[in-house]
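>>> Give me the fold of what follows.
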Amino acid sequence: VVEVQRQVDQGQLKLNSDQLIGLEFFHDFAQRIPRDEVSEIVAMVRGSALKRYGSRLRLEACGSYRRGKETCGDVDLLLCARTAADEQLVGPPAEVLQ
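Numbers count the residues shown, from 1 in each chain. Take a look at the predicted model:
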């Protein structure tokens, strides 16, 4: 990472905007997230989903959080419509995630 940053700084290496974000926050991304903080994130997303979609959308925390770990590498969430009819009302995944 240090070498990549050096090459970018010296103009020897061009990265796209996503790669630059990854480089800038590399060390932050490498840190694990405390379970309490993940709980807050899950609650915030769940509240937003409930406000926008009511009971038509199901949200479950998955991954290391679901397994009860004290820290998580990321926040894994599963979102799905409760029924086929709800799926039609909720819309395509790209719209749900806006």
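>>> How confident is the prediction for residue 97, by pLDDT?
According to the prediction, residue 97 has pLDDT 66.
>>> and if you look at residue 49?
89.
>>> Tell me who's in contact with it.
When the contact criterion is Cβ atoms under 8 Å, 6 or more residues apart in numbering, the partners of residue 49 are 57, 59, 79. (Each C-beta comes from the backbone N, C-alpha and C, glycine too.)
>>> Likewise for residue 40?
Residue 40 sits next to no residue when contact means Cβ under 8 Å, 6+ apart.
>>> I'd like to know how far it sits from residue 47.
Using Cβ to Cβ, to the nearest Å, we find residue 40 at a distance of 11 Å from residue 47.
>>> Mind checking what secondary structure the residue nearest the centre of the chain has?
Most central in the chain under Cα atoms, centre = their mean is residue 75, positioned 5.5 Å from the mean C-alpha point. Here residue 75 is recorded as coil under DSSP: H, G, I helix; E, B strand; the rest coil.
>>> for this protein, what spans make up the strands?
All strands of the chain, identified by DSSP state E, fall at 33-34, 57-61, 71-72, 77-81.
>>> want to throw those into TSV with distance to residue 8?
Output for the strands of the chain, formatted as TSV (distance: least, Cβ to Cβ, whole Å):
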stretch	distance to residue 8
strand 33-34	27
strand 57-61	36
strand 71-72	29
strand 77-81	32
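>>> which one of those strands lies closest to residue 51?
Residue 51 lies closest to strand 57-61 among the strands of the chain, at 10.6 Å (Cβ to Cβ).
>>> buried sites along that closest one?
Residues 57, 59, 61 are the ones in strand 57-61 that count as buried (16 or more other Cβ atoms under 10 Å).
>>> same question, stretch 32-40
Quick answer for stretch 32-40 (16+ other Cβ under 10 Å): 33, 38.
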